[in-house]
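>>> Predicted model and sequence below, questions to follow.
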Amino acid sequence: MKHYEYSYTKINGFKKNEIEYLDIVLDDEILVKNKFVGICGSDLFHHSTLTDGVLFLGHEWVGEVITVGKNNKTLSPGDWITTSATLGCGECQYCLEGKVNFCELPTHLGSNKLGALRSFLKFKSFNALKLKGQDISEVLIEVMAVAEEAMSQVKQNRNSNINSALVMGGGTVGILCAHLLHKQGIIVTLVDVSSERVARARSLNIKSKLLKEELLFGIKNSFELVIDATSDREFKQGGLSFVQHFLAKHSLLLIIAKYIRPIEMNPNIFSLLGTKFVFMRGVPLVTLQNTISKWSGNLSELYKKLATHEFNSCDLDQAFELAHQSNKSGKIIIKLEAF
């Protein structure tokens, strides 16, 4: 059976490749027809930093089950599913504990091996989680799971209640982190360098400001929690360049951001503040399942506010070019065509 996948190189951009592989599904496997893929900040990070070689992008995705191996008793053809950005091997201790984000033999979607921008995916079925909804808004599940995992990390690493929080970065992850903090009754401020992103966050009733305004007029060292959801791709300054201005004493700094360059930081300042650093790595299956339980089937209103553009997969170069322009786009969704 013939399939297709999209590859990306710096020289040629995106290319649709016809591929052929056996559709035989082993007892522990599942075959899924891909439906929608969201362009993630991680995709943009890899897209902009690639110098040579090839990439297969896309890891925020949903699809429809075509065939299920006999070992899986929870899924059926026609079900809509998603996965973590990391497909686990299913055999190491981390996978047995549901921590596929720490798998010892992982397959990372959106890498030089495999991406979701393709007609079908086949993988070990324990990675697949059934969705309650069956529409385009379900593509937000994976990125919502990142925000939910951030909330879990905050809970695990903070002994006392948080009264004030700052989210740095108004991309989809940053906005959803701020949204979840706001729903908990925490006073949260979101900052970004883009006025368009600030406006998008405000549409969700999140207190949002331009970064320069908060630096000039905000109260220094006043936030008990700071979440860095920025990036230094395309020679931008990431949030870590400014974070010491915001942290209160005995604060928690949660870093979701991706950096490619070293950051100059003064350890003595963080020592005096008593700051606790936590770096987040991926999403375990339990968080993804909890996110589906809470949000699947209930994402349409958030989708309307966060998703700004939908493209067919034949227009990937145009879609990624726009996605890099944060002042012109929010979440961009790719609709995958039939072969």
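In hand now; what should we look at? Just so it is clear, the model here is predicted, and its values are computed rather than measured. Residues are numbered from 1 along each chain as shown.

>>> Which strands and helices lie in contact with the longest helix seen in the chain?
Longest helix of the chain, by residue count under DSSP state H: helix 141-157. Applying 3 or more C-beta pairs under 8 Å, 6 or more residues apart in numbering; DSSP states H and E, one finds that helix 141-157 makes contact with strand 60-68, helix 172-183, strand 247-255, strand 276-279, helix 285-295. In this view, the C-beta of every residue, glycine as well, is placed from N, C-alpha and C.

>>> just checking, what packs against the second one?
Helices and strands touching helix 172-183, by 3+ C-beta pairs under 8 Å, 6+ apart, are helix 141-157, strand 164-168, strand 187-192, helix 195-202, strand 223-228, helix 300-306.

>>> Please identify the deepest-packed of the ones you listed.
Mean neighbour count, computed with mean count of other C-beta atoms under 10 Å, is highest for strand 164-168 among the helices and strands packed on helix 172-183, reaching a mean of 27.

>>> Looking at that strand now, give me its mean pLDDT.
When pLDDT is averaged along strand 164-168, the result is 97.

>>> same check, this time on stretch 207-215
On average, the pLDDT along stretch 207-215 is 95.

>>> Can you name the residues in contact with it?
With C-beta atoms under 8 Å, 6 or more residues apart in numbering as the test, stretch 207-215 has contacts from 166, 168, 170, 178, 187-193, 195, 197-199, 201-202, 218, 242, 245-246.

>>> can you tell me the distance between the two ends of that stretch?
Distance across stretch 207-215, first residue to last, is 15 Å (C-alpha to C-alpha, to the nearest Å).

>>> Mind listing what's buried along that stretch?
208, 209, 210, 211, 214 (16 or more other C-beta atoms under 10 Å).

>>> Same question for stretch 173-185.
Under 16+ other C-beta under 10 Å, the buried positions of stretch 173-185 are 173, 174, 175, 176, 177, 178, 179, 180, 181, 182.

>>> Without its sequence neighbours, what residue ends up closest to the last one?
If you skip the residues right next to it in sequence, residue 182 has residue 188 as its closest partner in space, 5.4 Å away by C-beta to C-beta, 6 or more residues apart in numbering.

>>> Could you verify my assumption that the one you found touches residue 175?
No. Counting by C-beta atoms under 8 Å, residue 188 stays clear of residue 175, with 10.8 Å between them.
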